[in-house]
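K.L.:
Need a 3D model of the sequence below.
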Amino acid sequence: MACCLALAGCGDAQDTPDEEIAAAEVEPIGSYTVDPETGEVRAVHTDAGGTRTTLETGRTVDPVLPAPFILPKGARIESVTRVEQGEGRLVTIYFATDLDRDALAGFYRDLAKEAGFVVTADIPGENALVLAGENAAVNTTFAATIRAADGDSEAELTVRAGIG
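P.N.:
Reported below is the predicted structural model:
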């Protein structure tokens, strides 16, 4: 009889706990596509906790920047990378504008100041100007690298809000 009880106990030990079954049912899933005509990339990932992350990159990706950031009028977009995770967003835009390097830097300095951002870096260099800041109250940061280009300027602007 003791032998039967021991064998019965071994059978119970091999059963899969409910937590393991539940974890196996919510495995991360995702997809990755490349548009053969434009080369634009789209990736989607949902983690085991159910958080969905999307990434889109390319020339015609919608350049929706987190508030209060905008592009200056007449900006010519070269490329956009946008990552969204839950309510958060990170956007990097490469663009050119008719504004010269100092005017574009002033545009973003003024915008940041009016929106309550603290400028944490304002570094003029020979080839580029770097400007960065944050607004901890709204969990948003920005960084811009601005280069002069024949009286115009080219820039890379990254804004992160509620992600990372």
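K.L.:
Which helix or strand contains G106?
P.N.:
Assigning secondary structure by DSSP states H and E places G106 in helix 101-114.
K.L.:
quick one: low-confidence ranges for the protein?
P.N.:
1-27 (pLDDT under 70).
K.L.:
which SS class is the nearest residue in space to S79 that is not next to it in sequence?
P.N.:
Leaving aside its sequence neighbours, S79 sits nearest to Y94 (Cβ to Cβ, 6 or more residues apart in numbering; 4.5 Å). Glycine gets a C-beta too; all of them are placed from N, C-alpha and C. Of the three states, Y94 takes strand according to DSSP: H, G, I helix; E, B strand; the rest coil.
K.L.:
hang on, Y94 packs against A75?
P.N.:
No - contact criterion Cβ atoms under 8 Å: Y94 and A75 do not qualify, at 10.3 Å.
K.L.:
picking up where we left off before, need the contact partners of the helix holding G106.
P.N.:
Helix 101-114 is contacted from outside by 68-70, 72, 97, 99, 119, 122, 129, 131, 133, 142, 144, 146-148, 153, 155, 157, using Cβ atoms under 8 Å, 6 or more residues apart in numbering.
K.L.:
Look up how far P66 lies from the residue most central in space within the chain.
P.N.:
For the chain, the residue sitting closest to the mean C-alpha position, by Cα atoms, centre = their mean, is L90 at 2.6 Å. In this view, L90 and P66 are 8 Å apart by Cβ to Cβ, to the nearest Å.
K.L.:
cool, and L131?
P.N.:
Distance of L131 to P66, given as Cβ to Cβ: 16 Å.
K.L.:
Which residue of these two possesses the greater neighbour count?
P.N.:
Just comparing L131 and P66: by other Cβ atoms under 10 Å the higher neighbour count belongs to L131, 23 against 19.
K.L.:
Is the closest residue to the more buried one other than its chain neighbours within a helix or a strand, and which one?
P.N.:
Nearest residue to L131 in three dimensions, chain neighbours excluded: A144, at 4.7 Å (Cβ to Cβ, 6+ apart). Applying DSSP H and E as the criterion places A144 in strand 140-149.
K.L.:
Quick one: work out the angle between that strand and helix 101-114.
P.N.:
When axes from the mean of the first three to the mean of the last three Cα atoms, to 10 degrees is applied, the directions of strand 140-149 and helix 101-114 differ by 170 degrees.
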